[in-house]
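**Q** Coordinates only, no sequence provided:
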């Protein structure tokens, strides 16, 4: 492989022209390449390695040759760097012959941007000596694309709230945590009264803008990191609040009703869009009528229908 040739010829003046060719090849790669000897000492780095190091504050004149990469990893371990621990262990396995290759994905964020890399290592023998070839490959674009896809899969594109899938995933985790902690978890289901008339009389664009405004109300009410607001579909929303009892959930529910009133979403015939809320609050496995999270959701849904049957714009506990 090219790196092996470079290792053999680094410092060999008689092979200058050939050495220059292979250096140019490795310097042209986007990956950061380094070659270590059996002690973990760097014997070669390509231009990309030097350029990235300079962008991270390393002086341009810094000489990487002779630096012990393994020692740097061990120093980082003492500072609590878990990634450095994984890399050091892998390097020792390569040098000793316990492994031939390794692969490690890690974040390398800066104040300006988030970045992720893949570090690949390979053990090679040349002239009876052990060398390790390291390659750092930037996978930031891929990670950002994966995060964007993951976000799209779990969020409503109109309101930016969680969608039904995201809600179900969140509720399952929140239910398990509440069961372990023996703490209450509350679910609010919110339905908009007169929204169909609003949408039909003013048009879908106005209807979408109204949903965005209602979504903002829900997002403001889900103010804790442990809370989640979601759009269930159409004009139905849901709010999950762990560590919240029925009294606390009802306070939030009444605030939602009032805040939707303040949006002053009025149909062409003068009828105003209001909010109806059904809520349920239980401690997992502590109530006979609520054996699981599906039952909790059903209790809130049943309470919502009671509100709708009685005319709407109210809160009902299930």
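**A** Looks like it arrived, so ask away. None of these values were measured; they are calculated from a predicted model.
**Q** which stretch of helix or strand covers residue 268?
**A** If you go by DSSP states H and E, residue 268 is not part of any helix or strand.
**Q** Let the chain start at 7 from now.
**A** That works, and once the first residue is 7, the last one we named lands at residue 274.
**Q** Neighbours of it, how many?
**A** Neighbourhood size, residue 274 [other CB atoms under 10 Å]: 12. In short, each C-beta sits where N, CA and C put it, glycine included.
**Q** In this structure it contacts residue 209, no?
**A** No. With contact defined as CB atoms under 8 Å, residue 274 does not reach residue 209; the gap is 9.8 Å.
**Q** Give me the domain ranges for the protein.
**A** Per automatic domain parsing, the structural domains of the chain span 8-149, 161-323.
**Q** The longest one: end-to-end distance?
**A** When you say that, I think you mean domain 161-323. For domain 161-323, the first-to-last residue distance is 27 Å (CA to CA, to the nearest Å).
**Q** Stretch 238-251 now?
**A** OK, stretch 238-251 end separation, CA to CA: 22 Å.
**Q** Pull the residues that contact that stretch.
**A** Contacting residues not belonging to stretch 238-251 are listed as 167, 170, 173, 176-177, 180, 183-184, 187, 189-198, 201-202, 217, 220-221, 224, 227-228, 230, 232-237, 254-255, 258, 262, 287, 306 [CB atoms under 8 Å, 6 or more residues apart in numbering].
**Q** and residue 109, what are its phi and psi?
**A** phi -140, psi 130 (degrees, to the nearest 10).
**Q** correction: residue 207
**A** According to degrees, to the nearest 10, residue 207 has phi -80, psi -30.
**Q** List the contacts of it.
**A** 273, 274, 275.
**Q** low pLDDT regions in the chain?
**A** The chain contains residues with pLDDT under 70 at 7-24.
**Q** From residue 236, how far out is the residue sitting nearest the centre point of it?
**A** Among the residues of the chain, the one closest to the centroid is residue 153, at 6.2 Å (CA atoms, centre = their mean). Going from residue 153 to residue 236 by CB to CB, to the nearest Å gives 19 Å.
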